[in-house]
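**Student:** Give me coordinates for this.
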Amino acid sequence: IISIKTILITLMLILTGYVIYRLSYVFMILLVSLLIVISLEPFIQFINRQKFMNGPINRTTAVIFTYVMIVVIFVGILTVGIPPVISQFKKMIISLTGFLNTLNIDGGADKYLTEAVTQLGVISGGVVSVTLSLFQNITTIFTLILISVYISLDWINIKDRFYGLLPSRNRSKAQRIMSDIEINIGSWIKGQLILMFVIGFVCFLGLFILGIDYPLALGLIAGLLEFVPMIGPIISAVLAGVVGFSMSPIKGLGVIVLFTIIQQLENNLLVPKVMQRVSGFSPIAILLAILIGAEFFGVIGTVLAVPVMMITFLLIKRLVIDKENY
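**Tutor:** Residues are numbered from 1 along each chain as shown. As a prediction, this is how the structure comes out:
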């Protein structure tokens with residue numbers, strides 16, 4: 001016979017699971033906000049240590065300055081980069097269609113190629129629409145920024161209150177673990193910034209040499225989207241291809257070759273080396289984490305995969321493997 005206690009516990013577990021499921025969006029926002037806070041904490045502390053007009057910069061000023069700087073950079077890149085790409089899309093379709101009409105090929109082949117161009121337009125337009133929809137979700141972005149700012153402003157007190165909930169013998173260990181997490185995630189952010197700068201600069205340089213319009217805007221987009229593993233480089237390549245094909249098929253093909261070479265060097269050399277150094281994980285572990293994150297949480301999962309993996313393994317190492325010595 002099943003006891004009343006067992007039934008009540010089962011019902012509570014089911015209710016808890018249902019609540020978590022229904023509030024999954026809220027938990028995701030909080031998780032992303034916490035990762036943003038932890039990622040920016042080393043920069044905030046750096047600014048906090050500086051002096052301005054013979055006086056120290058307080059934490060509130062450091063937090064506001066950090067977030068404003070990030071928002072300005074983010075909005076600036078989008079403002080400079082997205083409009084030229086959209087304006088070139090229609091020009092690309094017209095250019096490719098005109099090029100096909102000049103070819104001396106039979107009607108069947110001409111029809112086939114024309115349909116291929118149309119499908120390319122649909123696919124490219126879809127990618128652009130998806131990209132814009134991501135950036136136009138103002139409510140989510142505003143909520144993330146607002147929650148992150150509030151947490152960052154009170155981060156020291158939040159940590160102190162959390163430490164106060166722990167037994168006194170575990171407080172120093174918790175402080176060391178939190179410090180390690182902030183340092184490791186800060187290193188990961190530095191690695192991402194290095195990748196974004198290198199990819200953005202190389203794309204700008206290659207597009208400039210090829211004579212593609214808006215090389216700086218496209219380079220900025222490529223650098224920004226480098227933060228989104230796997231998907232970001234594909235989107236930036238498609239956007240650059242739109243501009244290239246709008247000028248001429250030859251330049252469009254040149255852009256495809258350029259981004260193929262860049263992505264091969266990035267995937268096989270740059271990303272594994274940089275991420276392995278800042279995260280301590282092998283390239284295959286990083287790739288698996290990204291694939292798992294993408295499968296469960298989509299684009300957000302690909303972005304959060306590596307830092308979540310770093311935090312998880314750090315906790316396991318400190319609380320299980322090094323339990324006696326840490």
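**Student:** use CA for all of it now, contacts and neighbours both
**Tutor:** Fine.
**Student:** How much space separates Gly219 from Val255?
**Tutor:** With the distance defined as Cα to Cα, to the nearest Å, Gly219 ends up 12 Å from Val255.
**Student:** Those two: who's more crowded?
**Tutor:** Residue environment comparison for Gly219 versus Val255 gives the larger neighbour count to Gly219, 28 against 25, counting by other Cα atoms under 10 Å.
**Student:** secondary structure class for that one?
**Tutor:** Local secondary structure at Gly219 is given as helix here, using DSSP: H, G, I helix; E, B strand; the rest coil.
**Student:** List the contacts of it.
**Tutor:** For Gly219, the residues meeting the contact criterion (Cα atoms under 8 Å, 6 or more residues apart in numbering) are 199-204.
**Student:** Buried ones among these?
**Tutor:** 199-204 (16 or more other Cα atoms under 10 Å).
**Student:** And the contacts of Gly219, which two are furthest apart?
**Tutor:** Ile199 and Phe204 (8.4 Å; Cα to Cα).
**Student:** Find the nearest non-adjacent residue to Gly254, please.
**Tutor:** Leu210 (7.3 Å; Cα to Cα, 6 or more residues apart in numbering).
**Student:** quick one, what contacts the one you found?
**Tutor:** With contact taken as Cα under 8 Å, 6+ apart, Leu210 is in contact with 251, 254-255.
**Student:** all strands for this protein, in order.
**Tutor:** 51-52, 55-56 (DSSP state E).
**Student:** Ile234 is nearest to which of those?
**Tutor:** Nearest of the strands of the chain to Ile234, taken as Cα to Cα: strand 51-52 at 42.7 Å.
**Student:** from the chain's centre, how far out does the closest one sit?
**Tutor:** Here the centre of mass of C-alpha atoms in strand 51-52, compared against the chain's by Cα atoms, centre = their mean, to the nearest Å, lies 32 Å away.
**Student:** That strand pairs with which strands, and in what direction?
**Tutor:** Applying DSSP bridges to the sheet, strand 51-52 is found paired with strand 55-56 (antiparallel).
**Student:** any residues touching the strand it pairs with, and which ones?
**Tutor:** With contacts defined as Cα under 8 Å, 6+ apart, strand 55-56 is touched by 48-50.
**Student:** Could you say which one of the strands of the chain comes nearest to Val238?
**Tutor:** strand 51-52 (44.8 Å).
**Student:** tell me the mean pLDDT for that closest one?
**Tutor:** For strand 51-52, the mean pLDDT works out to 79.
**Student:** Stretch 206-216 spans what distance, first to last residue?
**Tutor:** 11 Å.
**Student:** Quick check: the gap between Ser148 and Gly252.
**Tutor:** Taking Cα to Cα as the criterion, Ser148 is separated from Gly252 by 41 Å.
**Student:** what's the distance between stretch 172-184 and the middle of its chain?
**Tutor:** Centroid separation between stretch 172-184 and its chain, computed with Cα atoms, centre = their mean, is 24 Å.
**Student:** Any buried residues in that stretch, and which?
**Tutor:** 173-174, 177-178, 180-184.
**Student:** Among these, which lie within helices?
**Tutor:** Cross-referencing these with the helices (criterion: DSSP state H) gives 173-174, 177-178, 180-184 as the overlap.
**Student:** What score does Asp110 have for pLDDT?
**Tutor:** Note on Asp110: pLDDT of 49.
**Student:** about what we covered before: I'd like the contacts of Leu210 as TSV, with distance to Ile57 appended.
**Tutor:** As requested, these are exported to TSV (distance: Cα to Cα, whole Å):
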residue	distance to Ile57
Lys251	50
Gly254	49
Val255	46
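**Student:** Tell me the one among the residues you listed nearest to Ile7.
**Tutor:** Checking the contacts of Leu210 one by one against Ile7 (Cα to Cα), the nearest turns out to be Val255, at 63.4 Å.
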